[in-house]
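Undergrad: Build me a model:
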Amino acid sequence: MEPKGFHRKLTAILSADVAGYSRLMQDDEAATVKTLESYKQVFFDLIKQHRGRVVDSPGDNLLAEFVSVVDAVQCAVAVQKEFHAHNAELSESRRMLFRIGVNLGDVIEEGDRIYGDGVNIAARLESLADPGGICVSKTAFDHIESKLPLGYEFLGEQTVKNITKPVGAYKVLMESRVTTKPGLPDAPKTKTHKTLGIVLSCLAALLVVIGVTAVWQLALYKAPPAPEKVDLRKVVFAPADKTSIAVLPFQNMTGDPQQEYFSDGMAEQLITGLSQTPDIYVAARTSSFAFKGKPMTAQQISEQLGVRYLLEGSVQRDADRVRINIQLIDGRDGSHIWAKRYDHLLEDIFKLQDQITMEVMEALNVKFIPGITETNLSISLKQYRPSNLKAYEAYLKGVSLFFRRTKPDVIAARKLFEEAVALDPNFTAAYRSLGFSYLDDFWYRLTSTPEKSIELAEQAAQRCIALSPDLPPPHGLLSMISVVKRDMENAVLHAEKAVELSPNDPGCYFSLGMALTYSGRFEEAVKAHETSFRLSPLRPLTWINMLASAYCGNKQYDKAIQLWTESIERSPDYLFAYQGLAVAYELSGNHEKARWAAENIMRIDPGFSIAFLEKMALNRDEEHRKRIFGALRSAGIK
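TA: Numbers count the residues shown, from 1 in each chain. Okay, here's the model as predicted:
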C-alpha cells in the first residue's frame, strides 16, 4: 500500500544536464551562470510549447515530464537544435552543451515532485548521451520509432543503479536518419503504399496510356523507391561548373502536426529564392521532398540527388514569432559548414526568407547577380508575397493539400486558394494555383460542366498576367488549359516557353512531354520526359507513367513495360500502370500477360470501360487511339 499522498503513474521523463559544467564555471563563473540562465529559459519555453511540465531545475540539471513520449523527444530535438544555433555564436570554449535522456516509465508522484525507477533510468540515459545529444530508453524508442523522422543507434543493454534488469538504450541521430544495431546492417526500411480511390485510379489510368490527361506537373506522386532501387545510371548530375544544393523539407518543431504546411512552405520558398541566380543548381521540389521522413544519411541523399550541399532546418512557430534553425551540410561527409538561428516576428517572414537566401548564397560563396540585393530579390519574388499574412497561410495550406492528390484534398485546396485571393486580390501565386485547381474539376470529374471550370482556369491565368505584367505569364497553367481544350499547338508552344524560361525545372519538361504526347509527337515527347528524369532523379509516378505512355506511342513496348512494372512495384494496386501493361503486352504479342493486366484492372475498378475512355480521349492521333482500344478489347476489357 502506498503512503498517503502518493500515487503512481506512467509518464515520459526528460532529464538533462550540462556537459563539462564544472570546467565552464572555473573558466568564467559569471559568464557561465548568465549563459545557463538564458539557455534554461529557452528550455522552459520549449517544454511548455510541447505540453510538458518542469519538475525541478537545480543548478545545471533539469527534470521535466510529458504526457506523451513523442512530445518529450520532439522537445529534446527542438532544444538541441536551438542550442546548436546559439552555440554557433559562441567561442568553442564557452559553448554550453546539454546531454538529454528520455524514458517512458512508472513514477511515484507526490505533489509536484516525481520519484522512482522511471526517473533514475532517465538520469542514467542522460549520462550516456553525447554532449549536445539525446539518448532514449527502449520503452521510449518503441513508441517513437515510426512516429518521428529521426534515426537511432542501439547502444546495447545498460545497467542502472538499483534497477535489476539492464535497460536498452538508443542514441537519437538527428542528422543521419538511420536506425542501426551493433554488428548488423541498417535496419530494414518498411515500405508503405498508399492506394488511391477507385475513381481517382481509373481517371489516372486513362491519363497515361491514351494520352487522355495528366495531373498537374509535380502533383500526383508516391513515395520514392528504396535507395537501392534507384538506377543512378539514368541520372545526370548538376553541371560541374555550378554549385549544387538541395533544400530538404524543414522539420516542424511546433508540436502540432497541423503546422506542417508552414515548415514545408518555408523550404519551398527557399528553393524558389535560391533558384533566382543562374550560378547555382537547386534540386527540384519533387526530388528533395521525396526524402521527407526517409531513414537516410546526408551522404546518401546527396548521392541520390547528385548535389554537393544539403540545406536542412527546423521551424518553430509561437503566436506572433517564428524561430528557424538552418544547417548547411557538405553531402560528401555529412559535416556542418554553416548554421544559424533566426528569431523574428511572423510579420517579417518574407524579409526573413530573403535574408536566409542571401546568407546561404554567401556561405556557398556563390556570386550574386550584379546588383542583386534582398530588396530586389523580394521584388523578383513578389508573386509569392501577398500583403496579407492570412492570405499567405491559406495559400500554404492549400499547396500542402493540393500535392496530396486525393479527391477530398483537391476540393479542400480549392477552397483555401479561393480564400487566399479573397483576402488579397493581388496574390499572383494563389491565382495560378487556383487555376490548376479549377482544372481538377476535369481530371477528377467534380463537375457536370467542365467547360465552366476551364473558363474559370483561363480567368485565373489572365489575372496572373494582369497582376504581374513585368513577369512571364504562367506558361505551365496555360499549357495545361490548352491540353484540356484540345488545342495542342498552343499546349506545346506554352510548354516550350516554360522550358526556355526555366531550363533547370524538370516540371517544365514534364509539361512539354505531356503536350507532345497528346499531339502524337511521341519521339519528341520521349526526349522531353527523359530530360525531366535527368533533372529529377527521384521521379514521381506520374512522370514514370507519362514517359511509358510516350514509349508506348512510339512503339517501344519493352521500355514502356519496364517503367509500368516499376510503377506496380512502388504501388501494387496502381490502376494507371495495369492499363498501360495490358496495352503494351498485347501490342508486343504477349496475350497471356495482357490478360493478367486486364484482370487486375477489373479487380481494382469493376466499372472500368472502354466507352468511358473513348469519351475522355484527348490524344488526336487517331491511329494510336485505335491501337489502344483494340489492344484493351483483345486483353478482355469491354
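
Undergrad: So which bits of stretch 467-477 are buried?
TA: Judged by neighbour count using 16 or more other C-beta atoms under 10 Å, the buried positions of stretch 467-477 are Leu467, Ser468, Pro473, Pro474, His475, Gly476, Leu477. (Each C-beta comes from the backbone N, C-alpha and C, glycine too.)

Undergrad: I'd like to know how far the last one sits from Ile411.
TA: It refers to Leu477. 19 Å (C-beta to C-beta, to the nearest Å).

Undergrad: Please tell me the pLDDT value assigned to the most centrally placed residue in the chain.
TA: Central residue of the chain (C-alpha atoms, centre = their mean): Phe289, 3.3 Å from the mean position. For Phe289, the pLDDT comes out at 78.

Undergrad: what's the closest non-adjacent residue to it?
TA: The shortest distance from Phe289 to any non-neighbouring residue, by C-beta to C-beta, 6 or more residues apart in numbering, is to Pro249 (5.4 Å).

Undergrad: how near is the one you found to Tyr431?
TA: Distance check for Pro249 against Tyr431: by C-beta to C-beta, it reads 25 Å.

Undergrad: Show me which of these two is the more surrounded one.
TA: Taking neighbours as other C-beta atoms under 10 Å, Pro249 and Tyr431 compare with Tyr431 leading, 26 against 21.

Undergrad: Would you tell me which helix is longest in the protein?
TA: As assigned by DSSP state H, the longest helix anywhere in the chain is helix 29-49.

Undergrad: Give me the residues contacting whatever helix or strand comes next after that one.
TA: For helix 29-49, the following helix or strand on the C-terminal side (DSSP states H and E) is strand 52-56. With contact meaning C-beta atoms under 8 Å, 6 or more residues apart in numbering, strand 52-56 is reached by 14, 44, 47, 62-66, 71-72, 75, 112-114.

Undergrad: Tell me where the model's unsure across the stretch 401-550 of the chain.
TA: 404-406, 470, 537-540 (pLDDT under 70).

Undergrad: Please enumerate the strands of the stretch 451-600 of the chain.
TA: For the stretch 451-600 of the chain, strands defined by DSSP state E, counting those that start in this stretch do not occur.

Undergrad: hey, where'd the helices end up in it?
TA: Remark: helices assigned in the stretch 451-600 of the chain by DSSP state H, counting those that start in this stretch are 475-484, 488-501, 506-518, 522-535, 541-553, 557-570, 575-587, 591-604.

Undergrad: can you tell which of those helices is closest to Gly306?
TA: helix 522-535 (9.3 Å; C-beta to C-beta).

Undergrad: in the closest one, what counts as buried?
TA: Those would be Phe522, Glu524, Ala525, Val526, Ala528, His529, Glu530, Thr531, Ser532, Phe533, Leu535, for helix 522-535 by 16+ other C-beta under 10 Å.

Undergrad: which residues touch the first one?
TA: It refers to Phe522. Phe522 neighbours (C-beta under 8 Å, 6+ apart): Leu516, Ala550, Tyr551, Gly553, Asn554, His624.

Undergrad: for the protein, where's the lowest mean pLDDT among helices and strands?
TA: helix 198-209 (a mean of 36; mean pLDDT, DSSP states H and E).

Undergrad: Let me know the next secondary structure element after that helix.
TA: strand 243-247.

Undergrad: Name the secondary structure element that contains Gly132.
TA: Per DSSP H and E, there is no helix or strand for Gly132.

Undergrad: Where does the prediction get shaky in the stretch 51-200 of the chain?
TA: 175-200.

Undergrad: all strands for it, in order.
TA: With strands called from DSSP E, counting those that start in this stretch, the stretch 51-200 of the chain shows them at 52-56, 62-66, 97-110, 113-115, 134-137, 151-158, 167-173, 179-180.

Undergrad: Mind splitting the chain into its structural domains?
TA: 7-180, 236-372 (automatic domain parsing).

Undergrad: With respect to Leu439, which of those lies nearest?
TA: Taking the domains of the chain one by one with C-beta to C-beta, domain 236-372 is closest: 18.9 Å.

Undergrad: before we move on, the earlier item: Throw the strands of the stretch 51-200 of the chain into a markdown table and include mean neighbour count and distance to Lys34, thanks.
TA: Formatted as a markdown table, the strands of the stretch 51-200 of the chain follow (neighbours: other C-beta atoms under 10 Å; distance: least, C-beta to C-beta, whole Å):
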| stretch | mean neighbour count | distance to Lys34 |
| --- | --- | --- |
| strand 52-56 | 17 | 20 |
| strand 62-66 | 23 | 17 |
| strand 97-110 | 22 | 16 |
| strand 113-115 | 15 | 28 |
| strand 134-137 | 29 | 25 |
| strand 151-158 | 17 | 34 |
| strand 167-173 | 22 | 29 |
| strand 179-180 | 19 | 39 |
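
Undergrad: what's near enough to touch Glu312?
TA: Contacts of Glu312 (C-beta under 8 Å, 6+ apart): Val247, Leu248, Phe250, Gln251, Ile326, Gln327, Ile329.

Undergrad: Quickly list what it is bridged to.
TA: Listed by DSSP bridges, the beta-bridge partners for Glu312 are Gln327.

Undergrad: what does the one 10 residues further on give?
TA: In this structure, Val322 has beta-bridge partners Arg317, His344, where bridges are defined by DSSP bridges.

Undergrad: Look at it and say how many residues are nearby.
TA: 21.

Undergrad: Would you check that it makes contact with Arg341?
TA: No. Judged on C-beta atoms under 8 Å, Val322 makes no contact with Arg341 at a distance of 11.6 Å.

Undergrad: Farthest-apart pair in the buried residues of stretch 467-477, please.
TA: Using C-beta to C-beta, the two most remote members of the buried residues of stretch 467-477 are Leu467 and Gly476, lying 16.6 Å apart.

Undergrad: Now do the phi/psi pair for the closest residue to Glu260 other than its chain neighbours.
TA: Counting by C-beta to C-beta, 6+ apart, Glu260 lies nearest to Asn252, which is 5.0 Å off, once chain neighbours are set aside. Here the main-chain torsion angles of Asn252 (degrees, to the nearest 10) amount to phi -90, psi 110.

Undergrad: ok, so what distance separates Asn252 from Asn325?
TA: 12 Å.

Undergrad: which one of the two has more residues nearby?
TA: It is Asn325, of Asn252 and Asn325, that has more neighbours when counted by other C-beta under 10 Å, with 26 against 22.

Undergrad: Is that one in a helix, a strand, or coil?
TA: strand (DSSP: H, G, I helix; E, B strand; the rest coil).

Undergrad: can you pull the contacts of Arg113?
TA: So Arg113 contacts Val55, Asp56 (C-beta under 8 Å, 6+ apart).

Undergrad: just Ser91 next, same as before
TA: Contacts of Ser91 (C-beta under 8 Å, 6+ apart): none.

Undergrad: and if you look at Asn504?
TA: Per C-beta under 8 Å, 6+ apart, neighbours of Asn504: Ser275, Tyr281, Val282, Leu535.

Undergrad: before we move on, back to that, what's the distance between the residue nearest to Phe289 and Asn490?
TA: From Pro249 across to Asn490, the span is 35 Å (C-beta to C-beta).
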